[in-house]
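Colleague: Mind folding the following:
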Amino acid sequence: MPGPRRTPPAEEAALAAAHPGPSAAEPLDPPAGGPTAAPAASAGPTPRPRPTSAAVPIPQADPGRTFADRPGRSNSHPTEPGQAHGGNQRTFGPAPAHRPGTAGVAGAPTPRPLLVNPMLPGLQLQPMVHVDDMASAVDFYEKLGGEVNHGDRDGDWVLMQVGTAQIGLVTRPPDASRGESTVELNFTATMPLARLERMLRERGVTVVEVATDRDLGTRLHVETPEGMPIKIHQVEPDLMV
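Modeller: Sure, this is the predicted structure:
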């Protein structure tokens, strides 16, 4: 029986060159504690960054335009009391009972300096009341909130400030022959009496006389169409309220 075939030396050299084995410098297994292979990368797809969209500009309010100027809004809405023009923009002032220039429950206006027009007489009502007892009359009007401006409560004539009006009190009885009654409808004027007299005569007003009063000085006496006397005396504008 023939023996196994031996590979010729030339053929062994060719096989060794084609399939080299491990050399002595390269052991078959790595030494213990040596470097380990890096973990394999995940087989899943790599996430892509999301594309960023362009920034959308935010509309800014136009400082020169108001709510009423926007399209579709009418600028002709009537403005209500306490409401600014232009819709819902309200401006609130003090409550009616506490508004400047008011006082008391009824909201009576506080006296203000009179604005004088030099072309007008500048008349202001100042009735004269004939009283029997000056002290009692002054006490009565003081209970109404009045105070004495001129005169003496024990004298014959007193000028009192009662609320926003001034009234005169006089102890002499009214002169019926001259049309006087318990209350006289008198006025003060800022216009000089000589000039006022000329103006009233030119307008057809009946001027009775210009007389001098012991307490009030010179007064212009005129009459209404019914014959009721009215007396006017001059005061400085700064003294009128």
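Colleague: where's residue 211 relative to residue 218, distance?
Modeller: 7 Å (CB to CB, to the nearest Å). For glycine as for every other residue, the C-beta is placed from the backbone atoms N, C-alpha and C.
Colleague: Residue 206 too?
Modeller: Taking CB to CB as the measure, residue 206 falls 18 Å from residue 218.
Colleague: which regions of the protein lie under the pLDDT threshold?
Modeller: Scanning the chain for pLDDT under 70 picks out the ranges 1-119, 215, 236-241.
Colleague: how many other residues sit next to residue 178?
Modeller: Counted by other CB atoms under 10 Å, the residues lying close to residue 178 total 10.
Colleague: To clarify, my last question referred to residue 133.
Modeller: 10.
Colleague: ok, and the closest non-adjacent residue to it?
Modeller: residue 171 (7.8 Å; CB to CB, 6 or more residues apart in numbering).
Colleague: Next, give phi and psi for that neighbour.
Modeller: The phi/psi pair for residue 171 (degrees, to the nearest 10) reads phi -90, psi -20.
Colleague: if I pick it, what's in contact with it?
Modeller: 130, 131, 132, 133, 134, 156, 157 (CB atoms under 8 Å, 6 or more residues apart in numbering).
Colleague: Could you check how far it is from residue 229?
Modeller: 19 Å.
Colleague: Could you do residue 175 as well?
Modeller: For residue 175, the distance to residue 229 - CB to CB - is 9 Å.
Colleague: out of these two, which sits in the busier spot?
Modeller: Set residue 175 next to residue 229 and count neighbours by other CB under 10 Å: residue 229 wins out with 18 against 11.
Colleague: neighbours around the residue lying closest to residue 223 once chain neighbours are set aside, how many?
Modeller: Closest residue to residue 223 apart from its sequence neighbours, by CB to CB, 6+ apart: residue 206 at 4.6 Å. Residue 206 has 12 neighbours, counted by other CB under 10 Å.
Colleague: Am I right that residue 206 is in contact with residue 222?
Modeller: Yes. Counting by CB atoms under 8 Å, residue 222 is a contact partner of residue 206 at 6.1 Å.
Colleague: Can you list which of the contacts of residue 171 are found in helices?
Modeller: Using DSSP state H, the members of the contacts of residue 171 that fall in helices are residue 134.
Colleague: Counting neighbours, which of the contacts of residue 171 end up buried?
Modeller: 130, 131, 134, 157 (16 or more other CB atoms under 10 Å).
Colleague: In TSV: these, plus distance to residue 124.
Modeller: Formatted as TSV, the buried ones among the contacts of residue 171 follow (distance: CB to CB, whole Å):
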residue	distance to residue 124
130	21
131	22
134	23
157	18
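Colleague: Enumerate the beta-bridge partners assigned to residue 220.
Modeller: Here residue 220 sits in beta bridges with residue 210, residue 232, going by DSSP bridges.
Colleague: how about it, what does it touch?
Modeller: Per CB under 8 Å, 6+ apart, neighbours of residue 220: 189, 193, 196, 197, 200, 207, 210, 231, 232, 233.
Colleague: Could you let me know which of those ends up closest to residue 164?
Modeller: residue 189 (18.1 Å; CB to CB).
Colleague: What are the buried residues along stretch 167-180?
Modeller: 167, 168, 169, 170, 174, 179, 180.
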